[in-house]
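In: Give me a model of this one.
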Amino acid sequence: MSNQVSNTLKRKKTFSEWLRAREGQRALVIVAFMFVPLLLLVVFTYLPFFKMIQFSFYKMTYLEPLDEFVGLDNYIEVFQRDDCFKSLIVSVYYMGGAVVQLGLALFFATLLVFPIKGSSFFKGAMFFPYLICGIAVGFIFKFFYARGFVLDSILQMLGMSEESIPYWLQDKSINNISLAATSVWRYLGQNMILFLGAMMSVDTDLYEASSLDGANKWHQFRYIILPSIKSIVVLNLILSISGSLSAFEPPYVITNGTMGTGTYFVIMNRLAHENQKVGLACAMAIVLLVIIVICTVAQKLFFKYAFDDGTSDESKAAVRRRKKAEKAARKGGIA
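Out: So this is what the prediction gives:
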C-alpha cells in the first residue's frame, strides 16, 4: 500500500494537470502579462534596430529601399564628411550646459532639503519646465531669443542699448550657448528632484550631531550630503553628458540647425529626410551609438576611480599611504 502511494506521488504530472495546478496558473498569468510588453518591445525596438543595421550597408532611399549593397562605404563616408563630425563639436556646448545644470540642481537641492518657507512652491516651479513638451519649449525660446522680443526687452529695461545686445540666434559666437541654456532651463528641475530625493534619505540625526559639533552648512554638504548621494551624482552626470551627444529638439525647432547650430541628430535627420540618404543616416546612428557606449564606459571607469573611498576598514588614502610605506620599507631592507 505504501509503495502505491509513493508511486502515485512520484508520478510526473501531465501538462494539463500542471496547467490546472497552482504553479501552472501562476506561470500562465506571468507569461500572459509579459507577452504584450515583450511583443511591443520586439516589434518597435529590437526589430527596427536590426533593420537599421541592415540599412546602413546599403545605398538606399525611401522610394528605392535596399537599392545597392555598398558594404562599409556609408561608414567611411561618415568619417569623411565634415558636417558629420563637426556637429559633434556643437555637442560640447550641451555638455558644458549639462555640467552647469547639475551644479545648479545640486545647489538648489541642498538649499531646499533644509526647512525653508515656501519650499514646496519653489520645488513645483522649478520642476514644471520638465513637464513641458520639448517642441513647445523650442517654440517658447524661439520667440524668447527673437530680436526685439522678450529677452531684448528685459535687457533694454535694465539699461542696455539695442546696439549692444547680440543676436542670440544669428551670432555664431553665442547662438550655441543660447540653445544649450534652453536644455539647462528644462532639465534643471528634474535633476534637482532626483538630488533632493537622495538627500532626504540621509539620516537627519547626522545634521543635528554635526551642528552640535560646530559644523556649518558647507561642512554638512561636503562631509554628509555629498558622500551620501555620490551614486546619484555620478548617474545624473553620465546621463546628462550622454544625452548631450543626442541633443535634437532645441536646434531643430529654434534654428533648424542653421548658422552652425546643427547637432549630430539634426544633420542625421537632414540627410535621411531631406537628402534621402537613408543608408548614410543609419550608419551615422550606429556610429553615434558606439560613441555613446564608449563615453558611458569611460565615465563609469573614471568615476569608479575618482569616487573610490576604499573599504569600510581602510580608506583609499590610507591604502596609498600604507603601500608607499611598504615600498619604502622594502627599499630600506634591500639597501
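
In: For Phe69, list the residues it contacts.
Out: Phe57, Tyr58, Lys59 (Cβ atoms under 8 Å, 6 or more residues apart in numbering). C-beta here means a position set from N, CA and C on the backbone, and glycine is covered the same way.

In: so it bridges to which residues?
Out: Tyr58 (DSSP bridges).

In: between the contacts of Phe69, which is nearest Ser210?
Out: Phe57 (60.4 Å; Cβ to Cβ).

In: before we move on, the earlier item: now the contacts of Phe69: which count as buried?
Out: Neighbour counting with 16 or more other Cβ atoms under 10 Å marks Phe57, Tyr58, Lys59 as buried within the contacts of Phe69.

In: So the second one versus Asn256, what's the distance?
Out: Plainly put, Tyr58 is 28 Å away from Asn256 if you go by Cβ to Cβ, to the nearest Å.

In: Which secondary structure elements does the helix or strand harbouring Ser231 sit against?
Out: Using DSSP states H and E, Ser231 sits in helix 230-244. On a contact count with 3 or more Cβ pairs under 8 Å, 6 or more residues apart in numbering; DSSP states H and E, helix 230-244 meets helix 82-112, helix 175-200, helix 278-306.

In: Provide the contact partners of it at residue level.
Out: Residues contacting helix 230-244 (Cβ under 8 Å, 6+ apart): 91, 94-95, 97-99, 101-102, 105-106, 183, 187, 191, 194-195, 198, 226, 292, 295-296, 299-300, 303, 307.

In: mind redoing it with 7 Å?
Out: Residues from elsewhere that reach helix 230-244 (Cβ atoms under 7 Å, 6 or more residues apart in numbering): 91, 94-95, 98, 101-102, 191, 194-195, 198, 292, 295-296, 299-300, 303, 307.

In: Now that we have the residues you listed, which of them are buried?
Out: Buried, going by 16+ other Cβ under 10 Å: 91, 94-95, 98, 101-102, 191, 194-195, 198, 292, 295, 299, 303, out of these.

In: Could you provide the residues you listed in TSV, with additional columns for distance to Ser244?
Out: Shown next, in TSV, are the buried ones among the contacts of helix 230-244 (distance: Cβ to Cβ, whole Å):
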residue	distance to Ser244
Ser91	5
Tyr94	4
Met95	4
Ala98	5
Gln101	10
Leu102	11
Asn191	13
Leu194	17
Phe195	19
Ala198	22
Ile292	10
Cys295	10
Gln299	12
Phe303	17
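
In: now for those residues, which pair is the farthest apart?
Out: Most distant of the buried ones among the contacts of helix 230-244, by Cβ to Cβ, are Ser91 and Ala198, 27.3 Å apart.
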